[in-house]
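Asks: Fold the following for me, if possible:
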Amino acid sequence: MQPKNPLDWMLSEALDQLTRAERLRQQFGRQEACWEPPIDVLETEHELLILVALPGVNPDNVETVIHDGVLVVSGQRTLPPELRNARIHRLELPQGRFERRIALPLGRYAISRFVMDGCVALRLAKS
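Replies: Prediction:
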């Protein structure tokens, strides 16, 4: 096995650093939504149940609006204040502003929310 060329190695490291820096800039450096949480949508005769994977996010801090037949779920996931100065070894759960748009079947809905197994659950009762 031949030794690595130092110039190739430095270039590769520099590109990796730029990629990581851009990812952090996108997550922390702008106000518009930068990620979409995964969801499950289930429907019964009386309601829609939407599970939004938002571990660590208080459901009271999640905004929900229905506009033109689209449910908009938005908010922000941030590190707790006591961890903001910690050295980050790995940060895989997205941080920053999120928004998810979900087209709804025609109808009128009353929204309630609760926590269910690490998800923010939205119950849209059909009326």
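
Asks: Domain-wise, how is the protein divided?
Replies: Annotated domains of the chain cover 1-31, 33-126 [the TED database].

Asks: Mean pLDDT and mean neighbour count added to those domains, as TSV?
Replies: For every residue, glycine as well, the C-beta is placed using N, CA and C. Shown next, in TSV, are these (pLDDT from 0 to 100; neighbours: other Cβ atoms under 10 Å):
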stretch	mean pLDDT	mean neighbour count
domain 1-31	72	10
domain 33-126	92	14
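
Asks: Quick test: name the residue nearest the centre of this structure.
Replies: When the chain is reduced to its mean C-alpha position, the nearest residue by Cα atoms, centre = their mean turns out to be residue 37, at 3.6 Å.

Asks: For that residue, which three-state class applies?
Replies: Of the three states, residue 37 takes coil under DSSP: H, G, I helix; E, B strand; the rest coil.

Asks: ranges for the helices of the chain?
Replies: Per DSSP state H, the chain carries helices over the ranges 6-28.

Asks: quick one: the strands in it?
Replies: 39-43, 47-53, 63-67, 70-77, 96-103, 109-116, 119-126 (DSSP state E).

Asks: Dihedrals phi and psi, residue 84?
Replies: phi -60, psi -30 (degrees, to the nearest 10).

Asks: do you know how far it is from residue 43?
Replies: 40 Å (Cβ to Cβ, to the nearest Å).

Asks: for residue 39, which residues make a bridge with it?
Replies: residue 52 (DSSP bridges).
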